[in-house]
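Trainee: Fold the following, please.
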Amino acid sequence: MTAIILYSLCLFLLILSFCKDKNKTKTALKKGYKSFEIMMPQFLGIIMTVGILLAVIKPSVISKLIGSSSGFLGILISAIVGSITIMPTFVAFSTGNTLLKNGAGYGQVAALISTLTLVGIVTIGLESKYIGKKAALLRNFVCFLFSIVVAVFIAFVFE
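Mentor: Numbering: from 1, shown residues only. Purely as a prediction, here's the structure:
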């Protein structure tokens with residue numbers, strides 16, 4: 001039901017925008033399509049990789065490595081993997097849902113998703129060019145610790 005409401009609202013706003021300024025709306029749609037073209041190969045690659053991994057790795061292995069019974073070690077594994085992986089946020093959430101359905105624990109998935117969105121080991125070089133190496137390292141370290149704290153809290157509350 002929510003999806004229908006949101007799609008209807010988007011369609012209404014698109015029509016409203018088109019009526020107000022056709023050229024700006026066309027330009028925006030073209031830019032959106034170009035962004036979609038750039039993002040789609042990455043998205044499909046990640047989805048295929050996760051799908052293949054889930055087909056090869058049994059849910060019992062996922063449960064053993066990052067299940068709720070894996071405890072703090074599972075949270076740490078998830079946090080490290082999330083820190084070195086690059087993934088769009090909307091893909092991270094759907095990946096987390098898939099992992100939960102296959103036996104992963106809430107705290108472990110929370111660690112994965114929060115480090116995916118907050119910590120960027122791969123992009124630290126680029127980040128350090130803008131804010132400096134010390135600030136980039138400090139920001140990533142603090143975000144990593146914050147992700148661990150959040151994951152432990154989530155695990156405590158939900159498991």
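
Trainee: Quick one: list the elements packing against the helix ranked longest in the chain.
Mentor: For the chain, the helix with the greatest residue count under DSSP state H is helix 22-56. Applying 3 or more C-beta pairs under 8 Å, 6 or more residues apart in numbering; DSSP states H and E, we find helix 22-56 packed against helix 2-20, helix 89-101. No exception for glycine: its C-beta is placed from N, CA and C like everyone else's.

Trainee: make it 6 Å
Mentor: Contact analysis of helix 22-56 by 3 or more C-beta pairs under 6 Å, 6 or more residues apart in numbering; DSSP states H and E lists helix 89-101 as its packing neighbours.

Trainee: How about residues contacting the next helix or strand after the helix it packs on?
Mentor: Using DSSP states H and E, the next helix or strand after helix 89-101 towards the C-terminus is helix 106-118. Outside helix 106-118, the residues that touch it by C-beta atoms under 6 Å, 6 or more residues apart in numbering are 66, 74-75, 78-79, 82-83, 87, 89, 92, 96, 99-100, 143, 147, 150-151, 154-155, 158-159.

Trainee: ditto for stretch 3-23
Mentor: T25.

Trainee: How far away from the center of its chain is that stretch?
Mentor: Relative to its parent chain, stretch 3-23 has a centroid offset of 27 Å by C-alpha atoms, centre = their mean, to the nearest Å.

Trainee: Report the helix or strand with the lowest average pLDDT across this structure.
Mentor: helix 59-66 (a mean of 77; mean pLDDT, DSSP states H and E).

Trainee: what element comes up after that one heading to the C-terminus?
Mentor: helix 71-84.

Trainee: Would you point out which residue is most central in the chain?
Mentor: A92 (2.6 Å; C-alpha atoms, centre = their mean).

Trainee: tell me the contacts of it?
Mentor: Taking C-beta under 6 Å, 6+ apart, one finds I113, L116 in contact with A92.
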